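K.L.:
Can you look at this prediction? I've put the sequence above it.
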Amino acid sequence: MITIRVPCSSANIGPGFDVIGLALSIWLELQVTIDTSKKSSDATRNCVVTYEGLGKEDVDLDADRNLLTRTALYVLRCHGHNSFPLETHVRIINPIPLGRGLGSSGAAVVAGVMLGNEVGDLGLSKARMLDYCLMIERHPDNVAAALYGGFVGTYLNELDPEDMARKEIPLSEVLPSPAGGEDTGKQPPEPPLDIGHYKKFKWAKEIKCIAIIPQFEVSTAKAREVLPTQYSRADMVFNMQRIALLTTALGESPPDPNMIYQGMQDKVHQPYRKVLIPGLTEVLHSVTPKTHPGLLGICLSGAGPTILALATHNFSEIAGHIIEHFKQANVECDWKLLVPAEDGATVTRSFEKQESMTYAGAGVSIDAGNALVQRIKAAVASTKRPGADAEIGGFGGALDLQAAGYDKAPILVQAIDGVGTKLKVAFAMEKYDTVGIDLVAMNVNDLVVQGAEPLSFLDYYACSKLDVEAAAKFIEGVAEGCRQSGCALIGGETAEMPGMYTDNEFDAAGKATGAVAQGRKLLPDKEAMVAGDVLLGLASNGTHSNGYSLVRKIVERAGLTYDSPAPWDASTSVGLSLLTPTRIYVKPVLAAVKQDLVKGMAHITGGGLYDNVPRMLPRHLAAEMRVGSWDVPPVFQWLKRAGNVEAAEFARAFNTGLGMVLVVAAEQAEAATAVLRQAGETVFRVGRLVESQGSGCILQDLERWD
């Protein structure tokens with residue numbers, strides 16, 4: 001059995017005009033069986049049609065006249081088949097109300113095209129099926145939403161009027177039953193390629209749809225009859241302004257009720273249809289975000305009388321208010337709480353053909369993985385360095401230490417790390433390149449504190465469904481981090497694991513390999529450290545890649561979204577500022593190491609100054625650092641205030657403005673500072689080493705932060 005499911009749809013959301021549609025969770029279902037044992041059939045075109053559901057008394061079950069099977073026959077005839085296979089039984093199960101503005105005819109056309117594709121075994125793509133749908137149903141908003149699912153914007157191209165006049169094209173709603181126009185008896189005209197074009201918009205997950213369905217019909221023909229043939233310029237500008245904002249506003253989380261409510265206002269459809277729908281004006285004016293908390297916007301669903309209210313909560317109260325208004329106009333209503341049908345139209349087969357399963361069908365696309373490899377080859381190749389060719393596609397990455405400049409066996413130093421919950425900000429902003437830099441930074445900064453030169457890098461990228469564009473942007477960021485640190489990206493692994501991750505989310509880890517030449521001491525040189533050695537701090541460029549679980553909580557509590565202007569920097573948004581990549585200190589620090597100016601270093605990551613600085617010190621020494629001797633970036637100042645973070649916690653959760661702390665001999669402090677500044681670093685003299693009294697890091701004047 002073949003099962004075809006097509007969602008209903010809401011069109012003309014607010015100020016649309018056959019432009020935007022939304023697939024909703026009421027499904028037209030076809031259950032199709034083919035009895036190949038029969039030698040002949042008494043049914044029209046070998047097709048038995050049965051119908052269950054709403055509007056049964058108005059549905060013609062003759063295959064030549066039923067809109068759904070007529071559509072399937074059109075598709076079949078375009079491919080040389082005049083009838084259905086012997087004997088086809090199409091069981092239609094339809095819970096979509098007819099003539100109510102919920103896209104019943106659009107769903108029927110989509111189901112019919114898919115039916116023709118399946119029983120004819122035509123192998124049409126969804127893009128090609130959209131062409132067939134739009135040859136028949138000239139409402140791209142309903143059709144594209146039903147076919148592709150979710151929140152969709154569309155437009156279509158003009159067609160040849162002569163082709164459109166032929167009876168072989170079963171134009172819905174426009175022609176009288178069974179069809180109309182000229183019957184040429186010829187094979188019908190196939191639709192041109194790419195009649196319609198669509199774009200899926202984002203939809204905030206918390207938004208649900210309240211459909212208020214009056215118990216009377218308004219046909220599309222009647223709904224269009226009341227519309228004028230000309231509109232004022234002011235009304236058209238009004239609608240264009242609102243639709244431009246609405247499609248973005250409905251994808252933002254949390255949604256903005258004021259923006260969405262205004263965005264769903266309309267001066268092209270709704271004012272003229274009040275004569276067809278009793279109580280429409282009163283209903284639309286009586287429900288606002290102020291009168292009904294949770295409401296975001298309200299409009300006609302489409303040509304018919306259904307009211308669509310978008311809301312985040314308070315659903316039954318909103319529906320009850322609207323239903324009561326309709327009752328005052330003597331109109332009874334039903335209501336349903338619906339959600340976007342994101343998958344759109346689907347087909348499943350429950351007989352032998354379905355048993356041929358594929359890796360792609362299980363959610364893993366080998367082709368997408370290969371496409372990603374091709375996409376990133378240039379970025380990876382740009383990281384080539386002596387000793388590593390930076391070519392990918394093999395089973396492993398090679399590193400020739402002799403070619404890298406190490407004639408004698410060096411000490412190899414390796415580091416492994418990830419990006420952490422900073423990825424959550426990247427997901428929200430759909431910006432992935434900077435977190436690729438972060439991944440490299442978190443590893444190579446850990447290598448360089450041991451005096452090691454980073455030579456090679458490997459990355460691991462794991463997701464639910466591989467988005468080639470997003471993954472490529474991420475790996476291009478990894479390549480940029482490798483270029484900044486002078487190491488080669490010699491390979492990686494991309495893993496598609498459906499069920500392990502959700503939506504557009506992924507996780508990433510990286511591994512860096514570095515080397516310290518024979519005869520050079522591995523840092524930190526704890527034996528050389530003495531009380532009185534100077535501590536130099538290298539400025540961070542913001543939050544780097546640590547503390548983001550707390551950062552996200554503070555942003556949420558402050559009532560901000562990642563698209564909000566950053567309170568600490570009016571020139572950018574919260575999200576973009578927080579995605580500033582971790583500073584890579586490799587080249588400046590190695591310049592100082594090669595001149596033997598550094599005894600030890602600490603990369604300030606999770607745990608802040610308190611936990612990281614003592615890791616480079618001998619037990620008998622402590623770092624005494626004076627708060628106020630370095631600049632605390634504005635983002636940290638705001639986070640501390642907005643989160644009411646105590647000073648000690650502040651020093652443990654964040655880097656507070658220092659990405660790296662170095663131990664240098666007092667007599668070499670000025671030389672080390674000069675080398676680092678010449679390499680582009682901002683350097684602070686932040687303290688000194690003292691005899692330990694139990695604590696490995698002492699922050700003097702800590703109260704300054706409070």
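P.N.:
Looks like it came in fine.
K.L.:
Could you pull up the residues touching the residue nearest to the spatial centre of the chain?
P.N.:
The residue lying closest to the centre of the chain (CA atoms, centre = their mean) is Asn504, at 5.1 Å. Asn504 is in contact with 427, 430, 467, 470, counting by CB atoms under 8 Å, 6 or more residues apart in numbering. C-betas here are computed from N, CA, C, even on glycine.
K.L.:
Name the nearest residue to the third one, sequence neighbours excluded.
P.N.:
Distances taken as CB to CB, 6 or more residues apart in numbering place Asn504 nearest to Asp467, at 6.4 Å, with adjacent residues excluded.
K.L.:
Can you pull the phi and psi angles for the one you found?
P.N.:
Main-chain torsions, Asn504, degrees, to the nearest 10: phi -90, psi 10.
K.L.:
likewise the one 4 residues further on?
P.N.:
With angles defined as degrees, to the nearest 10, Ala508 shows backbone torsions of phi -150, psi 150.
K.L.:
Would you confirm that it contacts Leu458?
P.N.:
No. Ala508 is not in contact with Leu458 according to CB atoms under 8 Å; the separation is 11.4 Å.
K.L.:
More neighbours: the two, which one.
P.N.:
Ala508 (25 against 19; other CB atoms under 10 Å).
K.L.:
Show me what the longest strand along the chain is packed up against.
P.N.:
Determined from DSSP state E, the single longest strand within the chain is strand 20-34. In terms of contacts (3 or more CB pairs under 8 Å, 6 or more residues apart in numbering; DSSP states H and E), strand 20-34 is packed against strand 2-11, strand 88-94, helix 104-119, helix 140-148, strand 151-156, strand 208-214, helix 233-249, strand 333-338.
K.L.:
which stretches of the stretch 251-400 of the chain have low pLDDT?
P.N.:
Scanning the stretch 251-400 of the chain with the threshold set as pLDDT under 70 gives 303, 351-365, 393-394.
K.L.:
Go again with 50.
P.N.:
352-354 (pLDDT under 50).
K.L.:
all helices for it, in order.
P.N.:
For the stretch 251-400 of the chain, applying DSSP state H, counting those that start in this stretch gives helices covering 257-263, 270-273, 280-286, 315-328, 366-381.
K.L.:
quick one: buried residues of the fourth one?
P.N.:
By neighbour count, and taking 16 or more other CB atoms under 10 Å as the criterion, the buried residues in helix 315-328 are 315, 318-319, 321-323, 325-326.
K.L.:
The last one now?
P.N.:
If you call a residue buried by 16+ other CB under 10 Å, then helix 366-381 has these buried ones: 368, 371-373, 375-376, 379-380.
K.L.:
now the angle from the longest strand of the chain to helix 233-249?
P.N.:
70 degrees (axes from the mean of the first three to the mean of the last three CA atoms, to 10 degrees).
K.L.:
Just the CA atoms of the helix or strand just after strand 20-34, as PDB, please.
P.N.:
Later in the chain than strand 20-34, the nearest helix or strand by DSSP states H and E is strand 47-53. The C-alpha coordinates for strand 47-53 follow below in PDB (Å, rounded to 0.1, in the frame of the first residue of the first chain):
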ATOM      1  CA  CYS A  47      -9.500   3.700 -10.700                       C
ATOM      2  CA  VAL A  48     -11.900   3.100  -7.800                       C
ATOM      3  CA  VAL A  49     -12.300   6.200  -5.600                       C
ATOM      4  CA  THR A  50     -13.700   6.100  -2.100                       C
ATOM      5  CA  TYR A  51     -14.000   9.000   0.300                       C
ATOM      6  CA  GLU A  52     -14.200   9.400   4.000                       C
ATOM      7  CA  GLY A  53     -14.400  12.700   5.800                       C
END
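K.L.:
what's strand 47-53 packed up against?
P.N.:
Secondary-structure packing of strand 47-53 (3+ CB pairs under 8 Å, 6+ apart): helix 67-78, strand 88-94.
K.L.:
Between these, which shows the greatest average number of neighbours?
P.N.:
Sort the helices and strands packed on strand 47-53 by mean neighbour count, taking mean count of other CB atoms under 10 Å, and helix 67-78 sits at the top with a mean of 26.
K.L.:
can you list the residues that contact it?
P.N.:
Residues outside helix 67-78 that contact it (CB under 8 Å, 6+ apart): 30, 45, 47, 49, 63-64, 82-84, 90, 92, 105, 108-109, 111-113, 115-117, 119-120, 122, 124, 132, 135-136, 168-170, 172, 178-179, 187-190.
K.L.:
Repeat the analysis, applying 7 Å as the threshold.
P.N.:
With contact meaning CB atoms under 7 Å, 6 or more residues apart in numbering, helix 67-78 is reached by 45, 47, 49, 63-64, 90, 92, 105, 108-109, 111-113, 115-117, 120, 132, 136, 168-170, 172, 187-188, 190.
K.L.:
Ile92 contacts Trp27, doesn't it?
P.N.:
No. With contact defined as CB atoms under 7 Å, Ile92 does not count as touching Trp27 (11.8 Å).
K.L.:
that older thread, the helices and strands packed on strand 47-53 into TSV, with extra columns for mean pLDDT and distance to Gly659?
P.N.:
As requested, those are exported to TSV (pLDDT from 0 to 100; distance: least, CB to CB, whole Å):
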stretch	mean pLDDT	distance to Gly659
helix 67-78	91	62
strand 88-94	95	62
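K.L.:
could I get those as CSV with distance to Trp568?
P.N.:
Output for the helices and strands packed on strand 47-53, formatted as CSV (distance: least, CB to CB, whole Å):
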stretch, distance to Trp568
helix 67-78, 58
strand 88-94, 56
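K.L.:
Helices of the stretch 401-550 of the chain, start to end?
P.N.:
Assigned by DSSP H, counting those that start in this stretch, the stretch 401-550 of the chain shows helices spanning 422-429, 433-448, 468-485, 548-557.
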